[in-house]
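Participant: I would like to see how this sequence folds:
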Amino acid sequence: MGKSEGNGIFLADSPVEIRKKVMRAVTDSGPTVPNQELSEPMKNLFTIMSVVSEQSTIQFFREKHANCEIRYGDLKKQLGEDIVRFTEPIRERINEILADKKYLAKVVTEGAEKARESASKTIKEVREIIGYKKFN
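Facilitator: Modelled structure (predicted):
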């Protein structure tokens, strides 16, 4: 949501963490004239909303902003709920994978094996390029 550390929403974040982060999102003081252009912080929130929210929800808050009637707290609460709903299947799958210790051990073992093979090949190529020969 922003550039400062700890300000990102992660797919594995709990619903409580997501809601908390969204509620801390920067906004502005609100529109002062009808149809005022969105500020940069509000563009960010609407961009996220365009990914996770239904079109009718986005339209509702755009109209409220255009009419100078928007309540940022309401927008952020809705956005938080929409993000929680959108990320729920991903979060569930992450938790399933993390709970399967046997699967994780297999992935780590296979990954280490592939990395060793790749590294050995690279080292062999580098040694040939630089003319390194083993002493016997």
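
Participant: how is this protein partitioned into domains?
Facilitator: Domain assignment for the chain by automatic domain parsing gives 1-99, 101-136.

Participant: got those as TSV, with mean neighbour count columns?
Facilitator: Every residue, glycine included, has its C-beta placed from N, CA and C. Compiled in TSV, these are given as follows (neighbours: other C-beta atoms under 10 Å):
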stretch	mean neighbour count
domain 1-99	14
domain 101-136	9
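
Participant: got those domains as TSV, with mean pLDDT columns?
Facilitator: Formatted as TSV, the domains of the chain follow (pLDDT from 0 to 100):
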stretch	mean pLDDT
domain 1-99	93
domain 101-136	91
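
Participant: which parts of this structure are helices?
Facilitator: 15-23, 40-52, 55-66, 72-99, 101-130 (DSSP state H).

Participant: alpha carbons of the shortest one, as CSV, please.
Facilitator: This points to helix 15-23. Written as CSV, here are the backbone C-alpha positions of helix 15-23 (Å, rounded to 0.1, in the frame of the first residue of the first chain):
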residue,chain,number,x,y,z
PRO,A,15,-7.8,-11.2,8.4
VAL,A,16,-7.1,-9.2,11.5
GLU,A,17,-3.7,-8.1,10.2
ILE,A,18,-5.2,-7.2,6.8
ARG,A,19,-8.0,-5.1,8.3
LYS,A,20,-5.5,-3.3,10.6
LYS,A,21,-3.1,-2.5,7.8
VAL,A,22,-5.9,-1.2,5.5
MET,A,23,-7.3,1.0,8.3
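
Participant: now for it, which elements pack on it?
Facilitator: Applying 3 or more C-beta pairs under 8 Å, 6 or more residues apart in numbering; DSSP states H and E, one finds that helix 15-23 contacts helix 72-99.

Participant: adding distance to Ser29, write the helices of the chain out as TSV.
Facilitator: Shown next, in TSV, are these (distance: least, C-beta to C-beta, whole Å):
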stretch	distance to Ser29
helix 15-23	17
helix 40-52	11
helix 55-66	13
helix 72-99	9
helix 101-130	48
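
Participant: of these, which is nearest Pro31?
Facilitator: Nearest to Pro31 among those is helix 55-66; the distance by C-beta to C-beta comes to 5.8 Å.
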